[in-house]
Every structure is written in C-alpha cells, then in structure tokens.
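S.K.: Could you look at this predicted model? Sequence included:
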Amino acid sequence: MLTLSKLIDEDKCYETIRTMRWPDGVCCTDCGAKNITKRGKHATYSARQRYICGECGRHFDDLTDTIFAGRHQPLKTWIACLYLMGLNVSNQQIADELSLHKDDVHQMTSELRQAVADKRPEVQLSGTVEFDEVYVTAGHKGQPEQVKKKGARDADVNSKGFGGAVRSKRKNRRSSG
Ligand SMILES: [Zn+2]
C-alpha cells in the first residue's frame, strides 16, 4: 500500500532540520561555538550527521536537544505527523497515512503539542494595565438564589460565568508612563 511516509525523503527532512536549526551554519548545542567538525553519520539513521565541537569537545548530531532526539520512528515520520497535524487531520487518519498504531500517534501528537506549547513565550503585560468593569460576586458561591437576586449588570456574570464577563467588558489598555 502506498503511504505518505514512503513518499517523503529522509535526507530532505534532515536537510530541513539543519537549515531551520542552524541558518548560519552548524554551531555547538552546548557552547554555541562554530568550530565544528563532522564526525560521520549515525549508525542507524544514515541521514543523520554527527559532529564534534572544537571548543568544548561535545559530541552531538542533527537532532541533539530537539524533540526528535532519541526516537524510535524515523525523522520523516515525525515531520509527516507534524505536517498532518497542521492540516487538522485526526489521529486515526494520521495513523492510516503513516502506517502507525493509533495509540502511537496519540502519544506523538501529544508530545509535539506539548513541545510547541513549551516553546511559546509567555504573554507579559508591561507598564500600567487597566482592567475595567469586571464584576465578581464574592460570597455567593454555591448560592444561586442569592446570585439571581442581584441586578442586571451582575446577571451578565451569571449567564456567562467569570470568563464571559471578563471577555465582554474587558478594556485592556497599556500606557508607557
Ligand atoms: Zn561546544
């Protein structure tokens, strides 16, 4: 059966990783030095280049310190999985396309999502941040009848919950002063 992974070139995947990782040439994953010597290819994955750092002596390869390091599946399977995730394809469909078990795909997609989430920088507000007109009814938790007695403006909070109130009434202003 023809599957997507049969159409994808493993060497091209490594090339892509190298270009994305080191757009200005390979540098040490430890000390960042550019004085790098190639040390042949990986014993199992022939497209994976190995290196040694001329400064600190670290041995590393194309995937060292990436989410793809130490994986059983070839790199092209991971890349294809990422690609299909980007198209909003279900785990079952990914499993079919890549001839994998659905449980394995579930594991892979979870780890990839987590890795992306970990990389995402935290949103940091700076300067003066105003948070206008957020109504929080304290002391009525678990007493819906009490809450219902409140006025119209609080009804908004009741119907949409705290998050709804924040979304509908938030004015988030920044000032440099
Ligand atoms: Zn180094």
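M.R.: That came in fine, so what should we check first?
S.K.: now the residue sitting furthest away from the middle of the chain: how far from Gly142?
M.R.: Note on the chain: the largest C-alpha distance from the chain mean falls to Lys149, namely 44.9 Å (CA atoms, centre = their mean). Between Lys149 and Gly142 the distance, using CB to CB, to the nearest Å, works out to 15 Å. C-beta here means a position set from N, CA and C on the backbone, and glycine is covered the same way.
S.K.: Give me the distance between Met85 and Val116.
M.R.: Spatial separation of Met85 from Val116 under the definition CB to CB is 9 Å.
S.K.: Glu10 too?
M.R.: Between Glu10 and Val116 the distance, using CB to CB, works out to 23 Å.
S.K.: More neighbours: the two, which one.
M.R.: The residue with more neighbours, out of Glu10 and Val116 and counting by other CB atoms under 10 Å, is Glu10; that gives 17 against 12.
S.K.: check contacts around that one.
M.R.: If a contact means CB atoms under 8 Å, 6 or more residues apart in numbering, then Glu10 has 45, 47, 74-76 as its contacts.
S.K.: one step back: tell me which residues touch the residue farthest from the centre of the chain, please.
M.R.: For Lys149, counting by CB under 8 Å, 6+ apart, there are no contacting residues.
S.K.: Need the pLDDT of it.
M.R.: Turning to Lys149, the model gives it a pLDDT of 70.
S.K.: how about the nearest residue to Asp61 once chain neighbours are set aside, secondary structure?
M.R.: Taking CB to CB, 6 or more residues apart in numbering as the measure, Asp61 lies nearest to Arg50, with 4.5 Å between them; neighbours along the chain are not counted. Reduced to three states with DSSP: H, G, I helix; E, B strand; the rest coil, the structure at Arg50 is strand.
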